[in-house]
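**Q** missing the sequence, but the structure's below:
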């Protein structure tokens, strides 16, 4: 994707310009990434990266992918997430990493 992954997990958000839920999702993900050390939030403009959108089968915005430290997709959700769900998904991403060691 061309972005640096977080040391523990990465929140990847696919957005589009006129998507109101995308703005709210951006705020939620940035807030969570700021609270959890080693977590990065990356926002991707779906319209500008259509090949990636097709390859990852992104069908609506916002779509959020939760990646573990190795960049593997752990969880995916479409629509505006709740903060608690994002935190739970991060726990899963970090758990996958620590469970593998």
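**A** Arrived safely. Since this is a predicted model, take the numbers as computed values, not measurements.
**Q** what bits of this structure have low per-residue confidence?
**A** Along the chain, segments meeting pLDDT under 70 span 1-2, 96-101.
**Q** Which residue ranges of it form helices?
**A** 20-35, 50-55, 83-100 (DSSP state H).
**Q** Helix 83-100 and the first one, what's the angle between them?
**A** Note on geometry: by axes from the mean of the first three to the mean of the last three Cα atoms, to 10 degrees, helix 20-35 and helix 83-100 are set 50 degrees apart in direction.
**Q** and helix 20-35, how far out from the chain's middle?
**A** Distance, stretch centre to chain centre, for helix 20-35: 10 Å (Cα atoms, centre = their mean, to the nearest Å).
**Q** Show me what it is in contact with.
**A** 6, 11, 13, 15-16, 39-41, 43, 61-62, 64, 79-83, 86-87, 90 (Cβ atoms under 8 Å, 6 or more residues apart in numbering). For glycine as for every other residue, the C-beta is placed from the backbone atoms N, C-alpha and C.
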